[in-house]
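1. the following comprises the amino acid sequence and a computationally predicted model.
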Amino acid sequence: MVSKKLAIEVLNEALATGADYAEIFYEDSHGYSLSIENGKVETSTSQVANGVGLRLLKDNQCVYGYTNDLSKKGLVSLAQSLRSSFKGERKITVEKLDMIRAKNRNPVVNSYDNVSREEKIALVREGISAIEELKDPRIVRYIGSFVNSHRFVAIFNSKGKWFKRDSEFGRLAYVTVVANQNGFETGFEGPGCQQDISYFRTVKKPREVALKAAKTALLMLDAKECPSGKMPVVIGNGWGGVLFHESCGHPLEASAVSRGLSCFSGKEGDMIASPIVSAVDDSTIPNAWGSIDIDDEGNLGEKRLLIKNGKLVNFMIDDFNGRRMNREGNGSCRRQNYKYCPTSRMSNTYICNGKNTPEEIIAATKLGLYAVGFNGGSVDPTTGEFNFGCSEAYIIRDGKIAEPVKGATLIGHGNEILKKIDMVGNDLALAEGMCGAASGSIRTCVGQPTLRVSEITVGGRGGELK
């Protein structure tokens, strides 16, 4: 741990040449990961990270460096190296550091540190056994994995404040690969939480998680190719929110907005979505996978209403990019670890509940696509243009879910899709994932209720939809 006395000395060293802000980010984290492939333990490893990141700002300039030499000499040397980027007179002197406390919304009652390696392996094997009991020759590969991490963070800054955060999280995941003469398909399920291991015994049980991954892959293996063309698309709740996360969430981050590189730059106050659409990024949901009590530059986590009844009302803002926007950070600054310079990122991002039931949405769709899961895609935040592959999808015929189809790709622009949402369900659910961007890979939740887009271009090799 870096002492307050040392932190003050390092901050003042860093500020000597005119930087108008300095920040020390200390991290001490450790974790464990294991994987079991085709019944055999392939990996069982522990990880440790201990170091400091130092960030200096001057107007709209930023310099960043890191070290795991936590001695006074090592930290002062880092500060002196970074401050050489600026040439000027001292503007700020740090005299003292006052601690800012935040409510702990994500307590873990029984630390993963107290759970044995054998118990974690046994947990994963429960799901592996469920897959093996299917005795389906089409299953050619199956992997179960578990990761947990315990992360302590302390932040000291030139505003005379310091903060600390202690968090733990775990994630259980299964991948199933199936194959036959038609090709191969992959199924994946990976629930995570900021709760102790009992979550995986009572809420997301290994057998249920593993079987869902396997059965989805088997179902899609024998599915027909998806037809193509423009059609109504009903997007399932939970993981369906990844479409909004990628095509609209990233363009609402200040890292893109502040530089005019987002399709939503300059559109605050404009109607960017259907009037029945509201959207939120909320880092205050207790024990949720993407929640944070204090962000990675020391601002308290918030519930940020981004879109209200179709109108763009806010962005996800960090302090640095907020300078270009004349706005203060709103608890949206995150990073993978001390080696990454932080920036604006999502936490738990979702479209809010509407008035329709999922059954009403399906029944109101005469002919279209029902997209339940996604397996990746690409997005250009400047234009909002996206393409996403569906890992699980079905044709809707006469208001009923009909045959499964594979190879479906959704193609469009996020800012256009938002305006074409014409029905929103009342079954909001969140799903856990990892999001990669400039400040590394971080935990995020995506989410939405079941909703319908009146028209999306669907790519597929199954000909015209009939």
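-> The structure has been received and is ready for your questions.
2. and Glu208, that's in a helix?
-> Yes - per DSSP: H, G, I helix; E, B strand; the rest coil, Glu208 lies within a helix segment.
3. what number of residues lie near it?
-> 14 (other Cβ atoms under 10 Å). (C-beta placed from N, C-alpha, C; glycine too.)
4. what score does it have for pLDDT?
-> For Glu208, the pLDDT comes out at 98.
5. mind checking how far it is from Ser145?
-> Glu208 sits 16 Å away from Ser145, going by Cβ to Cβ, to the nearest Å.
6. how about the helices in this protein?
-> For the chain, helices defined by DSSP state H occupy the ranges 4-14, 72-83, 117-132, 199-202, 206-221, 242-244, 254-257, 319-325, 358-363, 414-419.
7. and Ser29, what does it touch?
-> If you count contacts by Cβ atoms under 8 Å, 6 or more residues apart in numbering, Ser29 has them with 47-50, 149-152, 337.
8. please read the previous query as pertaining to Pro449.
-> Contacts of Pro449 (Cβ under 8 Å, 6+ apart): 237, 351-354, 358, 424-429.
9. now swap in Ala210 and tell me
-> Neighbouring residues of Ala210 by Cβ under 8 Å, 6+ apart: 126-128, 130-131, 142, 144, 174, 176, 189.
10. Leu218 now?
-> Leu218 neighbours (Cβ under 8 Å, 6+ apart): 136, 138-139, 178, 185, 187.
11. local confidence estimate at it?
-> Leu218 is assigned a predicted lDDT (pLDDT) of 97.
12. go on, Glu119?
-> 97.
13. so for it, what's the nearest residue that isn't a sequence neighbour?
-> Nearest residue to Glu119 in three dimensions, chain neighbours excluded: Ile197, at 7.5 Å (Cβ to Cβ, 6 or more residues apart in numbering).
14. how many neighbours does that neighbour have?
-> 20.
15. quick check: phi and psi at it.
-> phi -70, psi -20 (degrees, to the nearest 10).
16. show me the contacts for the residue located most distally from the centre of the chain.
-> Here the chain reaches farthest from its C-alpha mean at Glu89, the gap being 40.6 Å by Cα atoms, centre = their mean. Contact analysis of Glu89 by Cβ under 8 Å, 6+ apart lists 17-18.
17. separation between it and Val175?
-> 57 Å.
18. so what's Lys267 closest to, chain neighbours aside?
-> Per Cβ to Cβ, 6+ apart, closest to Lys267 is Leu312, 5.4 Å.
19. now do the contacts for that neighbour.
-> 252, 264, 267-273, 306.
20. ok, which pair from those residues is furthest apart?
-> Leu252 and Met271 (14.9 Å; Cβ to Cβ).
21. I'd like the domain boundaries of this protein, if you could list them.
-> As given by automatic domain parsing, the domain ranges for the chain are 4-222, 225-459.
22. which of these sits closest to Leu465?
-> The nearest among the domains of the chain, by Cβ to Cβ, is domain 225-459 at 4.0 Å.
23. mean confidence for that closest one?
-> 96.
24. that domain: end-to-end distance?
-> Start and end residues of domain 225-459 are separated by 10 Å (Cα to Cα, to the nearest Å).
25. change the start of the numbering to 39 and stick with it
-> Okay, residue one is now 39; in that scheme the one you just asked about reads as domain 263-497.
26. gap between the closest residue to Gly304 other than its chain neighbours and Arg361?
-> For Gly304, ignoring the flanking residues on the chain, the nearest one in space by Cβ to Cβ, 6+ apart is Gly298 at 7.4 Å. According to Cβ to Cβ, Gly298 and Arg361 sit 14 Å apart.
27. more crowded one of those two?
-> Neighbour totals were compared for Gly298 and Arg361, and Arg361 leads with 19 against 10 (other Cβ under 10 Å).
28. look up how far Phe63 lies from the more buried one.
-> Taking Cβ to Cβ, one finds Arg361 at 19 Å from Phe63.
29. Thr131 now?
-> 21 Å.
30. the more surrounded of these two?
-> Between Thr131 and Phe63, counting by other Cβ under 10 Å, Phe63 is the more crowded of the two (26 against 11).
31. so what's that one up against?
-> With contact set as Cβ under 8 Å, 6+ apart, Phe63 has these partners: 90-93, 191-193, 334-335, 373, 376, 380.
32. between the residues you listed, which is closest to Val147?
-> When the contacts of Phe63 are compared against Val147 (criterion: Cβ to Cβ), the nearest one is Val191, at 20.6 Å.
33. burial of the closest one, as a residue count?
-> Val191 has 21 nearby residues by other Cβ under 10 Å.
34. and it, what pLDDT?
-> For Val191, the predicted pLDDT is 97.
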